[in-house]
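>>> Make a model of this:
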Amino acid sequence: MDPIEALTEIAGLLERDRASRYKSKAFRVAAQTLTGLTPSEREDVPRLRSRKGIGDSTFAVITEALSGRVPTYLAELRERVAPPEPSGLRIQLRGDLHAHSEWSDGLTSIDLMVDAARALGHEYLALTDHSPRLRVAHGLSPERLREQLELLPAFGDDTFTLLSGIEVDILDDGSLDQEDELLRALDVVVASAHSALRMERAPMTRRLVAAASDSRVDVLGHVTGRLVSGARGTRPPSVFDSRAVFEACAEHGTAVEINSRPEREDPPDDLLALAIEIGCLFSIDSDAHAPGQLSLLDHGAARAERAGVPVDRIITTWPLTRLREWKAMR
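Numbers count the residues shown, from 1 in each chain. Next up is the predicted model:
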């Protein structure tokens, strides 16, 4: 087995499993190290272990792969973590409108995110790094966002489009944490609340209704902000008038995100049912912070199927032309 492919697949599976970023990064660094070597240097096993970027675990994977075997660690991860064969609604998803790169708090470069999206068969992916106020996530200033935008066209071709975007922070008063000119120029704007999540019901309702009603906002991200599991612990959902928020989404054509991260399951089942009843549009997104997490869409698709979300109201099942037409009408 090709050792670079083995290391890269392990990194992707660890990312899907939401393992420590340092753990998956070690396998990506080792793959990058091997990529920079000649074929003869890669096969010089005694010298490999002494090369910078290759540790005990990655060396074991490399030597097993070079011997013609599927590395034991990779086989274990495939058995435990690998996504199932896509079926049902998952097959109908054409893209993903919420993903991050190392420009903010993602783990890898844009090109690795694009490669992973292509491998999954995506027709499009929106790069939605964070906005300035989220300093802990290295949010993009207007200047850095403009710099990023200049790079994006190079990642597309006739079969794949990398959409420009942002996950813009919803400020306490419902305003958005980025320049108006930039927000209007982007292909996709996901608006999410990341702070003051324990705000009282009335002001939180006003905050989310303002964002859902804003013509610049396309998708309302992880609406309750809750965490139900994972390394970050748990967090209760924000309290707000969900009917008022979803009615604002339906009135203004703003899609409600079905966040595919298992630690979020946002919106909860009861709110998802309410949003369906009210007539909202939906966007099934991965909220990926690493290439391997793009495959988490299967979790979001399964939740949407169980809830009975009408497929035609899921904007990530739409072809890019329809998505662009919807955006232009908003």
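
>>> how many neighbours does residue 204 have?
By the measure other CB atoms under 10 Å, the count of residues near residue 204 is 24. All C-beta spots, glycine's among them, are computed from the backbone N, C-alpha and C.

>>> Report the buried residues of the helix or strand hosting it.
Taking DSSP states H and E as the criterion, the element that holds residue 204 is helix 201-213. For helix 201-213, the buried set under the neighbour-count rule, 16 or more other CB atoms under 10 Å, comprises 204, 205, 206, 207, 208, 209, 210, 211, 212, 213.

>>> Repeat that for stretch 257-274.
Taking 16+ other CB under 10 Å as the neighbour-count basis, stretch 257-274 is seen to contain the buried residues 257-261, 263-268, 271-272, 274.

>>> Sort out for me which of those residues are in helices.
271, 272, 274 (DSSP state H).

>>> Include pLDDT and distance to residue 286 when you put the residues you listed into TSV, please.
Compiled in TSV, these are given as follows (pLDDT from 0 to 100; distance: CB to CB, whole Å):
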residue	pLDDT	distance to residue 286
271	98	20
272	98	17
274	98	23
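
>>> and which of those is nearest to residue 116?
The nearest member of these to residue 116, counting by CB to CB, is residue 272 at 27.0 Å.

>>> correct me, but that closest one touches residue 305?
No: checked against CB atoms under 8 Å, the pair residue 272 and residue 305 is beyond contact range at 11.5 Å.

>>> Can you give me the domain assignment for this structure?
Recorded structural domains for the chain (assignment: automatic domain parsing) are 3-80, 89-329.

>>> what is the rounded mean pLDDT of the first one?
The average pLDDT for domain 3-80 rounds to 96.

>>> Any idea how far apart the tips of it sit?
End-to-end distance for domain 3-80: 21 Å, by CA to CA, to the nearest Å.

>>> cool, the last one as well?
End-to-end distance for domain 89-329: 26 Å, by CA to CA.

>>> So which residues of the stretch 1-150 of the chain form helices?
3-16, 21-35, 39-42, 45-48, 56-66, 72-80, 89-92, 110-119, 142-151 (DSSP state H, counting those that start in this stretch).

>>> what's the answer for the stretch 151-300 of the chain, then?
180-185, 201-213, 242-252, 269-278, 297-307.

>>> Quick one: closest of those helices to residue 10.
Across those, residue 10 has its closest neighbour in helix 297-307 (19.4 Å, CB to CB).

>>> And the average pLDDT for the closest one is what?
The pLDDT scores in helix 297-307 average 98.

>>> Return the set of buried residues in the helix or strand just after it.
Toward the C-terminal end, the helix or strand that comes next after helix 297-307 (DSSP H and E) is helix 320-329. By neighbour count, and taking 16+ other CB under 10 Å as the criterion, the buried residues in helix 320-329 are 323, 327.

>>> what does stretch 215-231 give?
216, 217, 218, 219, 220, 221, 222, 223, 224, 225, 226, 227.

>>> And that stretch, end to end?
Using CA to CA, the end-to-end distance of stretch 215-231 comes to 35 Å.
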